[in-house]
Structure formats: C-alpha cells, structure tokens
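> Starting from these lines, generate the structure:
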Amino acid sequence: MKKNWASLIVFSLLLSAFYPAFSFAQTGSLYITSTPPGANILLDNTPIPKKTNTLLQGVPVGNHKVTLEYPGMLLLRRPMFRPQSRKRRRLP
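As a prediction, this is how the structure comes out:
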C-alpha cells in the first residue's frame, strides 16, 4: 500500500511540474502586407506600433479583426482570422 501512495505522490508531482507548460495560450504569427506599404494596423481595434509590411508574432489563436488604415485609401477589415499555433498566414 505504501508503494502505491509513493507512486501516486510521484505522479502528482510530475503532473504539477508539467501542467504549467500545457496551460499557456498558444500563439501564431500574422504577416501583413499592403500596397502601398506603410498602412497602420489595428488588431481587435487596438493600434499596433508597426506598419505594413510586417510580421506580428505572438497573436493568440482564435478569432480576430485585422484593420488596415492608410491615408487616402479605403479602410480594409478582415473580421475572421484564426491564426494557428506555429503556422503563418498571409493576408492579401
């Protein structure tokens, strides 16, 4: 019986040691281009300090709204984008 408890305790310690690695949110990357380059980028209505053409890293996996703004040009919005973990997508 003591051996079973010891095994259970060791298993619990190992599980708790590795659990934080599984609990972090997954992220992806967005490579955003525009013609002409230099458009302002908003991700979920939040301004990004970079301008196009650029790579945004660390974007949480899920639905996002990407907006590009450039003076004198039409506003471009992409409402449904789901970056996947460890994959890159390119917005036209």
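
> for the chain, what spans make up the helices?
For the chain, applying DSSP state H gives helices covering 2-23.

> mind listing the strands in it by residue range?
Listed in chain order, the strands of the chain (DSSP state E) span 27-32, 40-43, 46-51, 54-60, 64-69, 76-81, 88-91.

> Turn the ones you listed into a markdown table, including mean neighbour count and mean pLDDT.
C-beta here means a position set from N, CA and C on the backbone, and glycine is covered the same way. Compiled in a markdown table, the strands of the chain are given as follows (neighbours: other C-beta atoms under 10 Å; pLDDT from 0 to 100):
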| stretch | mean neighbour count | mean pLDDT |
| --- | --- | --- |
| strand 27-32 | 18 | 82 |
| strand 40-43 | 17 | 90 |
| strand 46-51 | 12 | 94 |
| strand 54-60 | 14 | 87 |
| strand 64-69 | 18 | 87 |
| strand 76-81 | 12 | 66 |
| strand 88-91 | 12 | 55 |
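
> so what's residue 67 up against?
41, 42, 43, 45, 75, 76, 77, 78 (C-beta atoms under 8 Å, 6 or more residues apart in numbering).

> Out of those, the closest to residue 64 would be?
Set against residue 64, the nearest of these by C-beta to C-beta is residue 43 (6.0 Å).

> and that closest one, what are its bridge partners?
residue 46, residue 66 (DSSP bridges).

> does it really touch residue 63, like I thought?
No: at 11.6 Å, residue 43 does not count as touching residue 63 under the criterion of C-beta atoms under 8 Å.

> residues near residue 26, how many?
Using other C-beta atoms under 10 Å as the criterion, residue 26 is surrounded by 11 other residues.

> Can you read off the pLDDT for it?
In this model, residue 26 is scored at 81, pLDDT.
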